[in-house]
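Participant: Need a 3D model of the following:
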Amino acid sequence: MSMLQQPDSFQALVTRRIDGNVQSAIETVTLPQLSAGEVVVRTRYAGINYKDCLSIRGKAKIITDYPRIAGIEAVGRVAASADDAFAPGDEVLVHGFQTGIAFDGGFSEWMQVPARHLQKLPPGLSAREAAILGVPGFTAAMALARFESYGLAPAEGPVAVSGANGAVGMLAISILARAGYHIAAITRRPEQADTLRRLGAAEIVDVRTALDSTRPLESARYAAAIDNVGGNVLAWLLRSMKDEGLVASVGNAGGNHYEGSVLPFIMRRVHLFGIVANAGWPERQRLWQKLAAEWRPGFEALEPHVHAITLPELPAHADRQLQGATSGRTLVDFGETP
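Facilitator: You can find the predicted model right below:
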């Protein structure tokens, strides 16, 4: 099939609500069945996020209407465009803008994407590198940009990263290390300390040891933290921040709730804020340019922790990821563009 030839039909993971139950299955679909968009894209990679796994297994109310093709991010190549901003052959990236939620997403061999949601790959990143970064890398970049907007610099002290063995954690470690920060990797897998050090972590903290303490305030250790876990880990991080420490909450793998006190806020003036991997175009373009240059992670060290699966393998992988039985970054690899 030529790069420009659009298919009669193709495969996608379609999520439906049937008799009140959410079910996902591989189906044969056509372009007219997809949500509307000016740009037809042959999907090359779709990153798999915790949010995607919740969506396709119906574990959280994320998808707005059914049927829907989930997948909040994808990298691919333009096959046809009704918008002059894109041309056949352009390598492109989409994430955010309700992709995979209100619009059909990346778990499909082909996509129709609104031109206003799409961007060309920044110079300096290959399609695979952009896919490895994806939403996790952009999340880490948004957190770092927010930290630096508050005046954080490497000399201010260590930055903690929880959920260090997950995709966001590994990418955050690598990006922060590239930016010159001292990183404390917080993990429930301390046996993987050497892996985390190769990514750029300067110290390893066993999360189980950290959570043994229930003091209202811990020793003031960290200037900032990226928390992927929530729950008791977030509470411990808040208690462990230095004066005017910065905590970016980006995930909830350990739970939506945490028990804490006001002491970190009124005694140390700790700042807690949330990060959602979506942004307006000026910030989006600026951060992707940084990820392609001065914040470019160490892909060579990351590569052993990047796993490729096929579309039919996705449902079983989602179950494992929801059970906490996966690590690193997993991509659906749709194969080379014909």
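Participant: For F103, which non-adjacent residue is spatially closest?
Facilitator: Leaving aside its sequence neighbours, F103 sits nearest to S35 (CB to CB, 6 or more residues apart in numbering; 4.7 Å). To be clear about C-beta, it is placed using only N, CA and C from the backbone, and glycine gets the same treatment.
Participant: name the element the one you found belongs to?
Facilitator: Following DSSP states H and E, one finds S35 outside all helices and strands.
Participant: Let me see the ranges of the strands in the stretch 1-150 of the chain.
Facilitator: In the stretch 1-150 of the chain, the strands defined using DSSP state E, counting those that start in this stretch lie at 10-18, 21-29, 39-47, 68-69, 73-81, 91-95, 110-113, 118-120.
Participant: Of all those strands, which one comes closest to G134?
Facilitator: strand 39-47 (3.8 Å; CB to CB).
Participant: Which strands or helices does that closest one pack on?
Facilitator: Where contact means 3 or more CB pairs under 8 Å, 6 or more residues apart in numbering; DSSP states H and E, strand 39-47 is packed against strand 73-81, strand 91-95, strand 110-113, helix 127-149, strand 329-333.
Participant: For these, give me TSV that also has distance to L121.
Facilitator: Converted to TSV, the helices and strands packed on strand 39-47 look like this (distance: least, CB to CB, whole Å):
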stretch	distance to L121
strand 73-81	7
strand 91-95	5
strand 110-113	14
helix 127-149	5
strand 329-333	15
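Participant: now the helices for this protein?
Facilitator: In the chain, the segments counted as helices under DSSP state H are 50-56, 127-149, 167-178, 193-199, 207-211, 231-239, 263-267, 281-291, 299-302, 314-322.
Participant: related to what we said a few turns ago, now do the phi/psi pair for the residue nearest to F103.
Facilitator: phi -60, psi 150 (degrees, to the nearest 10).
Participant: How much space separates it from A82?
Facilitator: 15 Å (CB to CB, to the nearest Å).
Participant: Neighbour count for those two, which is higher?
Facilitator: S35 (17 against 10; other CB atoms under 10 Å).
Participant: for the more buried one, what are its contacts?
Facilitator: Neighbour list for S35: 102-104, 112 [criterion: CB atoms under 8 Å, 6 or more residues apart in numbering].
Participant: Of the residues you listed, grab the buried ones for ChimeraX.
Facilitator: Here is the ChimeraX command that selects only those of those that count as buried (16 or more other CB atoms under 10 Å):
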select :103,104,112
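Participant: out of the contacts of S35, who's nearest A318?
Facilitator: D104 (17.5 Å).
Participant: ok so, going back, now distance to H117 and mean pLDDT too, for the helices of the chain, in a markdown table please.
Facilitator: Formatted as a markdown table, the helices of the chain follow (distance: least, CB to CB, whole Å; pLDDT from 0 to 100):
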| stretch | distance to H117 | mean pLDDT |
| --- | --- | --- |
| helix 50-56 | 17 | 94 |
| helix 127-149 | 14 | 97 |
| helix 167-178 | 22 | 97 |
| helix 193-199 | 31 | 96 |
| helix 207-211 | 37 | 84 |
| helix 231-239 | 31 | 94 |
| helix 263-267 | 37 | 96 |
| helix 281-291 | 10 | 97 |
| helix 299-302 | 26 | 96 |
| helix 314-322 | 22 | 95 |
